[in-house]
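> coords please:
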Amino acid sequence: MEKERNHKRQQRVSLSTVEWQAVMDHLTRNADVIAEFESMVPEWISALVGNQGSSIKHRNGTDIIPDIDRNGNVKSGLPYSLTEFQLGTARRKELLSMTKQIITEDHINQTKFQTESCSLENDVALKFGCPIQVVGISRACCRLVACPRLNLDASRIDTNCYHITKQGELVNSPGKSQSSDNHKFQMYWGTCSSTLIDLTNTLPTSQYWEIHSDVGVIKGWWRIVLDFGVVEEAQVDRERWVCYQPRSWCVCLEDCDIHNGVCAKVFKEKEHVNCFPDAVALTSGTQATLHYGVVLDVGRGRVSFIDLNREIVLGKFDVVFRESLYPVFGVTPRWDRYTVRMKLVSGEDIAMTETKRDLIYKAVS
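Model prediction:
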């Protein structure tokens, strides 16, 4: 009987250890997105590793990190209660009540965070004259992101190859001339924003805009399909594509022999940094809609690119900018190979989502 009792006790200890470790592993993996524990992370790691006799409580008083006696036995806390429930020694009503309290309080806190962030966005937007987004709320590390109004500069494009529609789309087909030849770009296959981004701008921290493009494959296989990014003012019209220009940071959609398709390639100052395959399939008749975002922080010296379709950060670079910057937007002149319609989305036209906030936060962190 004593042997059987010891065996059951050992089973209970093993079960408690497994349950506790599973909970701790889950919290560790998700600590940056679980509002419940984000302010406690350093404390509960310290409590678990360095101070076995301590206890941390939820805001409503429920023990999260359990009390542990000198023999290492868990005496209280949510993981302990879960273990006791599985062993049949805790009542379902008690566990359910405690869990409901935690969930209810977290919902209240999340609502409070969202209300406060909306109020902050509105107040700052009135001051700076453009929409302001707050990212990092769920991580208790907020950052302000401005969404200034940007427009494609129709006076810069070569109308023998391109035109800008009434809807503000840059299209790779001829259009009517809208400016004198001496104002058009002589080299770059595209245009820039009509607004130069000054290094002394007073907007808070980062700025954000998006590029939405519809690409159709006719024959394919003609080098670069489109590009976008930022380039220092003096370098903006030095080459056909921004990726070949010095002091530039960009994403190019380019035919790729290695991956046998159109890949999203990231460049910094003419250097190819990374390649993301399968942006567009190289099959005649293929139609693809692509959504990208650019996050620029001239104060900190960082530029980042995100793929909104794949929900990933393509690249982020820390830079010492020397001159004011132009956002640039290029499309292939070979309309017989690809059809391209590129739209710059900025200001109030940006439809912000929690997924975008999360990607922007990753880009600026």
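
> what about Q133, which helix or strand?
Per DSSP states H and E: Q133 is located in strand 132-135.

> what about that strand, average pLDDT?
Averaged over strand 132-135, pLDDT sits at 85.

> other SSEs contacting it?
helix 92-128, strand 143-146, helix 354-364 (3 or more C-beta pairs under 8 Å, 6 or more residues apart in numbering; DSSP states H and E). Every C-beta, even on glycine, is put in place using the N, C-alpha and C of the backbone.

> so what strands line up beside it?
strand 143-146 (antiparallel) (DSSP bridges).

> Specify the next element, helix or strand, located C-terminal of the strand it pairs with.
Following strand 143-146 toward the C-terminus (DSSP H and E): strand 163-164.

> which other helices and strands contact that next one?
strand 169-171.

> Partner strands of the strand it packs on, with direction?
The pairing partners recorded for strand 169-171 under DSSP bridges are strand 163-164 (antiparallel), strand 338-345 (antiparallel).

> And the contacts of the following helix or strand past it?
Next helix or strand after strand 169-171 toward the C-terminus (DSSP H and E): strand 190-192. For strand 190-192, contacts defined as C-beta atoms under 8 Å, 6 or more residues apart in numbering pick out 152-154, 156-157, 162, 164, 170, 185, 227, 236, 242, 326-331.

> ok, 6 Å please
Here strand 190-192 makes contact (C-beta atoms under 6 Å, 6 or more residues apart in numbering) with L152, D153, R156, I157, Y326, V328, F329, G330, V331.

> With neighbour count, distance to G216 and pLDDT added, can I get those in JSON lines?
Output for these, formatted as JSON lines (neighbours: other C-beta atoms under 10 Å; distance: C-beta to C-beta, whole Å; pLDDT from 0 to 100):
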{"residue": "L152", "neighbour count": "21", "distance to G216": "20", "pLDDT": "96"}
{"residue": "D153", "neighbour count": "21", "distance to G216": "25", "pLDDT": "94"}
{"residue": "R156", "neighbour count": "23", "distance to G216": "24", "pLDDT": "92"}
{"residue": "I157", "neighbour count": "27", "distance to G216": "20", "pLDDT": "91"}
{"residue": "Y326", "neighbour count": "25", "distance to G216": "28", "pLDDT": "96"}
{"residue": "V328", "neighbour count": "26", "distance to G216": "22", "pLDDT": "97"}
{"residue": "F329", "neighbour count": "26", "distance to G216": "18", "pLDDT": "98"}
{"residue": "G330", "neighbour count": "28", "distance to G216": "17", "pLDDT": "96"}
{"residue": "V331", "neighbour count": "30", "distance to G216": "12", "pLDDT": "96"}
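
> Pick out the most distant pair among these.
Maximum pairwise distance in these, criterion C-beta to C-beta, is 16.2 Å, between Y326 and V331.

> thinking again about what came up before, would you mind giving the strands paired with strand 169-171 as a markdown table with mean neighbour count and distance to N260 added?
Converted to a markdown table, these look like this (neighbours: other C-beta atoms under 10 Å; distance: least, C-beta to C-beta, whole Å):
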| stretch | mean neighbour count | distance to N260 |
| --- | --- | --- |
| strand 163-164 | 21 | 32 |
| strand 338-345 | 21 | 16 |
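
> Specify the stretch among these that is closest to C142.
strand 338-345 (23.7 Å).

> CA-only coordinates of that closest one in CSV, if you can.
Output in CSV follows, covering the C-alpha atoms of strand 338-345 (Å, rounded to 0.1, in the frame of the first residue of the first chain):
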residue,chain,number,x,y,z
TYR,A,338,3.2,42.9,-68.2
THR,A,339,0.2,45.1,-67.4
VAL,A,340,0.7,47.1,-64.2
ARG,A,341,-1.6,49.4,-62.3
MET,A,342,0.0,50.8,-59.2
LYS,A,343,-1.9,52.9,-56.6
LEU,A,344,-0.4,54.9,-53.7
VAL,A,345,-2.6,54.6,-50.6
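
> returning to what we had before: can you tell me which of the helices and strands packed on strand 132-135 the model trusts least?
helix 92-128 has the lowest average pLDDT among the helices and strands packed on strand 132-135, namely a mean of 60.

> Confirm that V225 sits in a strand.
Yes - counting by DSSP: H, G, I helix; E, B strand; the rest coil, V225 is part of a strand.

> before we move on, the earlier item: adding distance to S284, write the contacts of strand 190-192 out as a markdown table.
Compiled in a markdown table, the contacts of strand 190-192 are given as follows (distance: C-beta to C-beta, whole Å):
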| residue | distance to S284 |
| --- | --- |
| L152 | 29 |
| D153 | 33 |
| R156 | 32 |
| I157 | 27 |
| Y326 | 35 |
| V328 | 29 |
| F329 | 26 |
| G330 | 23 |
| V331 | 19 |
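
> For the closest residue in space to G190 that isn't next to it in sequence, give the beta-bridge partners.
Leaving out its chain neighbours, the residue that sits closest to G190 by C-beta to C-beta, 6 or more residues apart in numbering is G330, at 3.1 Å. Counting by DSSP bridges, G330 forms beta bridges with G190, D227.
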